[in-house]
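In: quick check, what structure comes out for this input:
(one chain, ligands or ions: 1)
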Amino acid sequence: MDHLVLMIPGPTNLSDDVLKALCQPMVGHTSQEFYNDFKDAHALITKLFGSSDDRTILFSGSGTFGMEALFASFAEPGDRMLSIVNGYFGDRFAEIGKIYGLNVKTIEFEPGQDVDVDALKRELSRNSYSFVTLTHIDTSTGTINDLKSVGEIVKQNNAFFIVDMVSSLGCTDFKFDEGLVDYAFSASQKCIGAPPGAVMVALSEELLEKRKSVKSRSYYFDLKRWLPVMKDPSIYLSTPNIATIRALRVALNEVFEEGLENKIRRHEELGKMAYEFVTQMGWKPLSKRPSPSVIAFDLGKPVADKVQRRLYQQGILVAKGLGSMSSRVIRVGYMGWTTKELLYNTLKKIGEAYNSIL
Ligand SMILES: Cc1ncc(COP(=O)(O)O)c(C=O)c1O
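Out: Numbering: from 1, shown residues only. Below is the predicted model:
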């Protein structure tokens, strides 16, 4: 490869065909050409979510847009929300909720630790909430949360279950229509292997029902405005990121050509391989279990900066930790089309860099 290899937890390396799709001559945003590309991308996103066409929304933006659109479209000041926090991105939910005037409480677990479902049960039996939020895979620690067991408790307590799937959609087994989740969102630049710039949301019928009595506080982020555009992309609402959507369509076709089950298995194997490598090196993964898209690990010494720089000099970009331990933590992403060879080569080079620095 004659360019920097991205082994960060998104954005990911793009396949040649996805790159080519990015470089096509521009078309009109309400043209027939774009209509067809958008329709295809939307149908494939719906398939990826395991959801229904009329409740999946694809629009331009980043993962955070998906988070913010929840509050702008479905929440009212004073609504009670419980944010489950065991990493950096759970906190972001709480922060945005507060900006929109919700009554936000957090239930916190150590970064990288599993959600204590008994503690969650106790909290939900004591207080009632409109929304409970969970980050499926927290990219800061590489922790995959148990969506099913958390979701069952949330549903038993009649709250809307909101899930951040930015780092998990496309590399985990998930079916929106099983009915546990009311609002799931993700972004193009992670497991799907497309460039940044597109955000996707799946909504439950119950949440759409709630919308009838909610006064939206945004124009762009009001998802109800976007629903008619999904049916007819020639309707103008706001100019979409045409190049990204077209590249996303190609990336999604590649996902289904590989086969979703095969892709999920590949990511699980990559996660296990990374976990074994890291523990054999004597480093400490921040999560107790392998995750299928990212590993974060403590090198034990404040050399993350130097390790990152050494790899960069060799044409590979890895990420440092987020938050207080950033000087000791390296994060490696294996999203998109990452192969075992590429991941192994990256981990080996991290090992060599680490040994040469000490
Ligand atoms: C789990 C998770 N949620 C939300 C976000 C925010 O997404 P974006 O940076 O695309 O706005 C990220 C970004 O890395 C993420 O990893």
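
In: my guess is residue 137 contacts residue 290. True?
Out: No - contact status for residue 137 versus residue 290: not in contact, 11.1 Å apart, counting by CB atoms under 8 Å. C-betas here are computed from N, CA, C, even on glycine.

In: which of those two has more neighbours?
Out: residue 137 (28 against 21; other CB atoms under 10 Å).

In: check contacts around that one.
Out: 143-145, 165, 167-168, 172, 291-294 (CB atoms under 8 Å, 6 or more residues apart in numbering).

In: tell me how far it lies from residue 44.
Out: 21 Å (CB to CB, to the nearest Å).

In: residue 2 now?
Out: Residue 2 is 30 Å from residue 44, by CB to CB.

In: comparing these two, which residue is more hemmed in?
Out: Neighbour tally, residue 2 and residue 44, criterion other CB under 10 Å: the higher count belongs to residue 44, 20 against 4.

In: give the contact list for residue 240.
Out: 29, 34, 38, 59-60.

In: repeat that with 7 Å
Out: Residue 240 makes contact with 29, 59-60, according to CB atoms under 7 Å, 6 or more residues apart in numbering.

In: what about the residue nearest the centre of the chain, which SS state?
Out: The centre of the chain sits closest to residue 166, judged by CA atoms, centre = their mean, with a distance of 0.8 Å. What DSSP: H, G, I helix; E, B strand; the rest coil gives for residue 166 is coil.

In: repeat for residue 276
Out: helix.

In: so what's the residue count around it?
Out: 12.

In: enumerate the residues of the stretch 51-200 of the chain near the ligand.
Out: By CB under 6 Å from any ligand atom, the residues of the stretch 51-200 of the chain that approach the ligand are 62-64, 89, 135, 138-139, 164, 166-167, 187.

In: narrow those residues to those in helices?
Out: 63-64, 89 (DSSP state H).

In: let's have those in JSON lines, adding distance to residue 54 and pLDDT.
Out: Below are those laid out as JSON lines (distance: CB to CB, whole Å; pLDDT from 0 to 100):
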{"residue": "63", "distance to residue 54": "23", "pLDDT": "98"}
{"residue": "64", "distance to residue 54": "25", "pLDDT": "98"}
{"residue": "89", "distance to residue 54": "28", "pLDDT": "92"}
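
In: which one of these sits closest to residue 337?
Out: residue 63 (19.8 Å; CB to CB).

In: from residue 185, how far off is that closest one?
Out: 7 Å.

In: common neighbours of these two, please.
Out: With CB under 7 Å, 6+ apart as the test, residue 63 and residue 185 both reach residue 199.

In: please consider this matter closed, and thank you.
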